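Asker: compute the structure for the input listed below.
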Amino acid sequence: MKAARWHGVKDIRVEEVPTPTAGPGEVEIKVAWTGICGSDLHEYLAGPIFVPVGEDHPLSHDQAPITMGHEYCGVVTGLGEGVTGLALGDRVAIEPIFACGTCPACRDGKYNLCDSLGFIGLSGGHGGFAATSVVPARMVHKMPDALSMEQGALIEPAAVALHAVRLSNIRAGDSAAVFGAGPIGLLVVEALRVAGAAQIHVVEPAAVRRDKALELGATTVIDPTAEDAVAAIRAATGGVHVAFEVTGVPQVLPQCIDATRYEGQTLIVSIWEGEAAFQPNTVVLKERQLQGTIAYRNVYPAVMELMTQGYFSPEKLVTRRIALDDIVSEGFEALVAEKSHVKILVKAPD
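Answerer: Just a heads-up that it's a prediction; the model follows:
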């Protein structure tokens, strides 16, 4: 079968690989759609970050080259021995987290904080940029009949956003700032609407993405190349209750902190390619909080329920649909060159 595999920086190849089959406790899935994630783009431009190189990942037991793709859905085509609760033909979304189940975080139910955390399609395994994927049954979530397959490919990134907002201190009626209106930033805007934020200020240099943020519920948008974003937010709010950093750009982190009120919170959602600096006194003197968030836990059912209510719609978020053969030129390179894109979905080959 065809699969898009990471070999190195700017070296993703669509090549023939053996078609996997389900072993005990595993599920075989005919992939439908897979989204290109910001994490995938980081691996393409500056990896390895999550991709294991030179030695196997402790849970996937794989190393580069690996089949990419972790935002995906499909149809169950095979069930390994011992799998229950699923049937052939079920439409499913994949929760792609590798977790050991035995470290302190896993024993506490916080499997996204596993000491050996990894992701299907980043840390090994049979990722979604392929015709067929095989995953452990615990990663498989049946989709409601009301959801389309394109919605299924958005469940994973929407889960990132909803978990971030749930982890934050935001309360109904509070004000928030979102720095960065890429796919996750825009999904955070929608999750903030769910949480009842009264004001959502979005900072984004790309005009198309600013317009999309307004469409999805932002109350104001700010072009940081045209005005001082922090000054504009503070003039409107006196400082927001929570700022979400969703850019991974080092100079943005101190701006997020400065945009919050006393006892405000900055939530770092991005995956970073390098270090970022800030003046600690900006946190100390206002008793502000700095919080990180990674992936999600126990949130897929809530995301799917919100989707049935109209949130996280592919009609508003998907800007291009491409074939697997075109994943580099029309996918990764397009995301680098064209900041107008929000989410690009890749259709699995037959």
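Asker: break the protein into its domains for me.
Answerer: What automatic domain parsing lists as the domains of the chain is 2-142+313-347, 159-292.
Asker: next, format the ones you listed as TSV and append mean neighbour count, distance to residue 300 and mean pLDDT.
Answerer: To be clear about C-beta, it is placed using only N, CA and C from the backbone, and glycine gets the same treatment. TSV is the format used below for these (neighbours: other C-beta atoms under 10 Å; distance: least, C-beta to C-beta, whole Å; pLDDT from 0 to 100):
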stretch	mean neighbour count	distance to residue 300	mean pLDDT
domain 2-142+313-347	19	5	96
domain 159-292	20	6	97
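Asker: with distance to residue 150 as extra columns, can I get those in CSV?
Answerer: Below are those laid out as CSV (distance: least, C-beta to C-beta, whole Å):
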stretch, distance to residue 150
domain 2-142+313-347, 4
domain 159-292, 14
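Asker: so which of those is nearest residue 298?
Answerer: Comparing those by their distance to residue 298 (C-beta to C-beta), the top pick is domain 2-142+313-347, with 7.6 Å.
Asker: give the contact list for residue 212.
Answerer: Residue 212 is in contact with 181, 186, 316, 317, 342, counting by C-beta atoms under 8 Å, 6 or more residues apart in numbering.
Asker: again with residue 120
Answerer: Contacts of residue 120 (C-beta under 8 Å, 6+ apart): 60, 70, 94, 96, 97, 98, 126, 127, 128, 133, 135, 139.
Asker: cool, and residue 37?
Answerer: 70, 71, 156, 157, 183.
Asker: narrow those residues to those in helices?
Answerer: 156, 157, 183 (DSSP state H).
Asker: pretty sure the first one sits against residue 119.
Answerer: Right, residue 156. No. At 9.4 Å, residue 156 does not count as touching residue 119 under the criterion of C-beta atoms under 8 Å.
Asker: find the residues that touch each one of the two.
Answerer: Common contact partners of residue 156 and residue 119 (C-beta under 8 Å, 6+ apart): 70, 96.
Asker: quick one on the thing from earlier: closest one to residue 305 among the domains of the chain?
Answerer: Comparing those by C-beta to C-beta, domain 159-292 comes nearest, at 10.5 Å.
Asker: quote the end-to-end distance of the closest one.
Answerer: 15 Å (C-alpha to C-alpha, to the nearest Å).
Asker: ok, now stretch 297-317?
Answerer: Here the two ends of stretch 297-317 are set 23 Å apart, with distance taken as C-alpha to C-alpha.
Asker: can you tell me what sits against that stretch?
Answerer: With contact meaning C-beta under 8 Å, 6+ apart, stretch 297-317 is reached by 93, 95, 109-112, 141, 143-144, 146-148, 150-151, 153-155, 158-159, 162-163, 166, 183, 186-187, 190, 193-194, 212, 215-216, 342-343, 345.
Asker: what about these, which are in helices?
Answerer: With DSSP H as the criterion, helices contain 150-151, 153-155, 158-159, 162-163, 166, 183, 186-187, 190, 193-194, 212, 215-216 from among the contacts of stretch 297-317.
Asker: so the residue nearest to residue 325 when sequence neighbours are not counted, which of the three states?
Answerer: Leaving aside its chain neighbours, residue 325 sits nearest to residue 14 (5.7 Å; criterion: C-beta to C-beta, 6 or more residues apart in numbering). At residue 14 the chain is in strand, as set by DSSP: H, G, I helix; E, B strand; the rest coil.
Asker: so residue 205 sits against residue 227, correct?
Answerer: No. Taking contacts as C-beta under 8 Å, residue 205 lies outside contact range of residue 227: 11.2 Å.
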